[in-house]
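Novice: can't give you the sequence, but here's the structure:
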């Protein structure tokens, strides 16, 4: 199951181990069967292991890569049940309640899982049990067959409880070697002596309390899937299937008077690779045509294109959440249609180019110019508020291009607190022939007293070539600053 | 002979249809409100075509953006404005408050900020194909190698099919051969001062460098009248003009016979 084993060049016959640093010493973390057979155990110091087996091949353990690998295997397990939980470092737990009959019984399901996982996992053990913890314990620690599940659990060693090592040693010293030994005893003295954790875990394994797995993804609100006896080998055909599933989803949503804002298509390739294609809309939708179009856009815009390989044998469409969406009512003059077309366009562009790239400008109630406008992802602002129209007859008082941050300039003025006469910006001299100002914009004095910043005096100026700029002096001369600096904050039309 | 000629003319027709897809949008030209420019354009700016607006110097970026914003504000429909991220960072963000004052309601605007000229052009191809929008503004800085005759021809074809008016805003660039319907050079011009010598309404020196199918040429000094969303001549006050010459409705006389006589407000 270790990813490391596949990518490192190891002589075929050498025993192999992964090491990690534990409290300053290199210790073995995982071993291959050959190393096991030679008597090495995980936790042994590397120096001791080398002394015993000089030809031992050693690589650094990478728990992150192991976890990623486990996630990828869990993706493959998604086809059997929506409730898959990771059991790090090397286990997966499937909640197969209500799923077995789809595969022809528990035994057949297990065989299917084994068959699917075989190319990816070098060594596999499984167990089915009534409780998640019971199944995990049986899969890891069962050594001899038992007549019943309860009996099998009782025969497991204490280590199957996976308690802290101190508790485990204490249990062993008390002569309690198996779970059966513990289960036969009254609970209260056990809890008093070995801690509540030991008793809780025991109860969960034996099914006395209900402890459920936490699935990797919450089960979706709606899920539609299709399996194929002959794998689908063409992306176009797969898109067609997604379209049919989208129609099913649309019908189901219509029945519930709901719509969805997120849709995910999962393509399960025969060799176990899983592709996720997710789309997002600004408004709740249930229009199958729109969904198909968005999926098509997303597919063509993927950085890592979908490779059908030997084909997909299952395609699934899920709607993680639903939101209320009434029947469509058209406004007079086609207002609603117009807005919908616009929302559809935004969805399409955001799906294609990325949600943060398509923005809408939203007005903010503040007098600080650079904070007055927010550029939010358009998909989050389905209905923009209209902006306040400027006063008639006035020239533009705010620039069309705003520099954020403002750019420093050199200004000549007749008096230090007077209007600018000439300024230098980007190595060019500008002679000011007209100006208006100052428009004084005070700092936000109600925030963080003493650190709110300086007052700005803004001037609208026009130079000899007719270009209009927005300049400001940062700080009031002599009152806030002895030598206030000048900045250019924007360009006018 | 007659039999053999018929298929030829039929094929000719067919090829002509393939070459020029029928424009689906409204094709009445959009009047700018400025008499001289409108007559030079033959009624106004043609919808469903590509128009290029050049600011030769980068210092005219604000002026050219303002001209395009005013133009887009005068044309109908929603506006998609595509920019480069680098331009946004170095040359300033498009400021909503300034757009309102230039006569373009930001509620009509969708802003696309893209990583490089290639993605701007790709997105432009997508946007121009959407008949739901009215105006697509494609802002490109300097001379991206990707914007060649093929790329502009592709845009022009897409615009003709969908009826979207595409405005290529080229800043710090030199005019080069393209498939655009009209090509403009815009530079800042001194405004008519207001009281106390304050800078006045936006003013530009606008030159029509080229247009397809009509003689080019002409330099005008235009000012923007936001309240009536129209361009007007050199320093002319609205009161000083004879009433019949300049259209007082926002849509102009060219739109008098168009489908919807009422404008949506707010």
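Specialist: Noted; the coordinates are in hand. Predicted model only: the values in this text are computed from it and were never measured.
Novice: in the stretch 351-493 of chain A, which residue sits nearest chain B?
Specialist: Here the residue of the stretch 351-493 of chain A nearest chain B is residue A:493; by Cβ to the nearest Cβ that distance is 2.0 Å. In this view, the C-beta of every residue, glycine as well, is placed from N, C-alpha and C.
Novice: check which residues of the helix or strand hosting residue A:205 are buried.
Specialist: Following DSSP states H and E, one finds residue A:205 within helix A:196-206. If you call a residue buried by 16 or more other Cβ atoms under 10 Å in any protein chain shown, then helix A:196-206 has these buried ones: A:198, A:199, A:201, A:202, A:203, A:204, A:205, A:206.
Novice: what count of nearby residues applies to the closest residue to chain B within the stretch 1-150 of chain A?
Specialist: Going by Cβ to the nearest Cβ, chain B is nearest to residue A:68 of the stretch 1-150 of chain A, at 27.5 Å. Neighbourhood size, residue A:68 [other Cβ atoms under 10 Å in any protein chain shown]: 12.
Novice: ok, now residue B:220?
Specialist: 19.
Novice: quick one: pLDDT of it?
Specialist: The per-residue pLDDT reported for residue B:220 equals 91.
Novice: that one and chain A, how far apart?
Specialist: The gap separating residue B:220 from chain A is 14 Å, by Cβ to the nearest Cβ, to the nearest Å.
Novice: pull up the pairing partners for the helix or strand where that residue lies, direction included.
Specialist: Here residue B:220 sits within strand B:219-225, counting by DSSP H and E. Pairing partners of strand B:219-225, with direction, according to DSSP bridges: strand B:203-211 (antiparallel), strand B:230-232 (antiparallel).
Novice: before we move on, back to that, who are the contact partners of the residue of the stretch 351-493 of chain A closest to chain B?
Specialist: By Cβ atoms under 8 Å, 6 or more residues apart in numbering or on different chains, the residues touching residue A:493 are A:396, A:400, A:468, B:62-63, B:65-67, B:69-70, B:98, B:102, B:202, B:204, B:224.
Novice: could you work out the most separated pair of these?
Specialist: With Cβ to Cβ as the measure, no two of the contacts of residue A:493 lie farther apart than B:98 and B:204, at 15.5 Å.
Novice: when those two are compared, which one has more neighbours?
Specialist: For residue B:98 and residue B:204, the more surrounded residue by other Cβ under 10 Å is residue B:98, and the numbers stand at 30 against 27.
Novice: show me what contacts residue B:206?
Specialist: By Cβ under 8 Å, 6+ apart, the neighbours of residue B:206 are B:37, B:67, B:184, B:185, B:186, B:219, B:220, B:221, B:222.
Novice: which stretches of chain B have low pLDDT?
Specialist: In the predicted model, chain B carries pLDDT under 70 at residues B:1-5, B:19-27, B:234-266.
Novice: returning to what we had before: buried residues, the strand holding residue B:220. List them.
Specialist: Neighbour-count burial for strand B:219-225, with 16+ other Cβ under 10 Å as criterion, is recorded at B:220, B:222, B:223, B:224, B:225.
Novice: which ones are touching the closest residue to chain A within chain B?
Specialist: Across chain B, the shortest distance to chain A (Cβ to the nearest Cβ) belongs to residue B:66, at 2.0 Å. For residue B:66, the contact set (Cβ under 8 Å, 6+ apart) comprises A:396, A:400, A:492, A:493, B:102, B:202, B:204, B:224.
Novice: partner residues bridging the residue lying closest to residue A:43 once chain neighbours are set aside?
Specialist: In space, and not counting its chain neighbours, residue A:43 is closest to residue A:27: 5.8 Å by Cβ to Cβ, 6 or more residues apart in numbering or on different chains. Per DSSP bridges, the residues bridged to residue A:27 are residue A:20, residue A:45.
Novice: residue A:27: how many residues sit nearby?
Specialist: Neighbour count for residue A:27, taken as other Cβ under 10 Å: 19.
Novice: just residue A:39 next, same as before
Specialist: 10.
Novice: same check on residue A:397?
Specialist: By other Cβ under 10 Å, the residues close to residue A:397 number 16.
Novice: helix/strand/coil for it?
Specialist: Recorded secondary structure, residue A:397: coil (DSSP: H, G, I helix; E, B strand; the rest coil).
Novice: once you drop chain neighbours, what's closest to it?
Specialist: Leaving out its chain neighbours, the residue that sits closest to residue A:397 by Cβ to Cβ, 6+ apart is residue B:101, at 6.3 Å.
Novice: count the residues that sit near that neighbour.
Specialist: Neighbours of residue B:101 under the rule other Cβ under 10 Å: 26.
Novice: dump the residue contacts of it.
Specialist: Residue B:101 neighbours (Cβ under 8 Å, 6+ apart): A:390, A:394, A:396, A:397, A:398, B:226.
Novice: isn't the fourth one right up against residue A:458?
Specialist: It stands for residue A:397. No. Residue A:397 is beyond contact range of residue A:458, at 9.2 Å (criterion: Cβ atoms under 8 Å).
Novice: any common contacting residues for these two?
Specialist: The contact sets of residue A:397 and residue A:458 overlap at residue A:439 (Cβ under 8 Å, 6+ apart).
Novice: which residue sits closest to the residue nearest the centre of chain A, ignoring its sequence neighbours?
Specialist: Compute the mean C-alpha point of chain A, and by Cα atoms, centre = their mean the closest residue is residue A:217, 10.6 Å away. Once flanking residues are discounted, residue A:217 sits nearest to residue A:82: 7.5 Å by Cβ to Cβ, 6+ apart.
Novice: chain center to the host helix or strand of the residue of chain B closest to chain A: distance?
Specialist: Following DSSP H and E, one finds residue B:66 within helix B:61-74. What separates the centre of helix B:61-74 from the centre of its chain is 9 Å, taken as Cα atoms, centre = their mean, to the nearest Å.
Novice: which parts of it are buried?
Specialist: B:61-74.
Novice: near chain A, which residues of the stretch 151-266 of chain B?
Specialist: Contact residues, the stretch 151-266 of chain B versus chain A (Cβ under 8 Å from any Cβ of the partner chain): B:187-191, B:193-194, B:196-205, B:224, B:226-227, B:264, B:266.
Novice: could you pull out the helices in the chain for me?
Specialist: Let's take chain A. In chain A, the helices defined using DSSP state H lie at A:3-7, A:33-37, A:46-52, A:63-77, A:106-117, A:132-141, A:149-155, A:165-173, A:179-183, A:187-194, A:196-206, A:235-256, A:288-301, A:335-353.
Novice: that answer is for a different chain, and I need it for chain B
Specialist: Under DSSP H, chain B gives helices at B:2-19, B:35-41, B:61-74, B:85-91, B:96-101, B:117-128, B:149-162.
Novice: just put those in a markdown table and tack on distance to residue A:187.
Specialist: Formatted as a markdown table, the helices of chain B follow (distance: least, Cβ to Cβ, whole Å):
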| stretch | distance to residue A:187 |
| --- | --- |
| helix B:2-19 | 85 |
| helix B:35-41 | 92 |
| helix B:61-74 | 76 |
| helix B:85-91 | 64 |
| helix B:96-101 | 67 |
| helix B:117-128 | 65 |
| helix B:149-162 | 75 |
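Novice: ok, the buried residues of strand B:219-225 vs residue A:340, which is closest?
Specialist: Nearest to residue A:340 among the buried residues of strand B:219-225 is residue B:224, at 33.0 Å by Cβ to Cβ.
Novice: residues near the residue lying closest to the closest one once chain neighbours are set aside, how many?
Specialist: Once flanking residues are discounted, residue B:224 sits nearest to residue B:202: 4.4 Å by Cβ to Cβ, 6+ apart. Counted with other Cβ under 10 Å, residues neighbouring residue B:202 total 29.
Novice: domain map for chain A?
Specialist: Structural domains annotated on chain A: A:3-61, A:80-206, A:222-324, A:401-491, as defined by automatic domain parsing.
Novice: how close does the residue nearest to residue A:397 sit to residue A:493?
Specialist: Computed with Cβ to Cβ, to the nearest Å, the distance linking residue B:101 and residue A:493 is 9 Å.
Novice: list the buried residues of stretch A:359-368.
Specialist: Buried residues in stretch A:359-368, defined by neighbour count with 16+ other Cβ under 10 Å: A:359, A:360, A:361, A:362, A:363.
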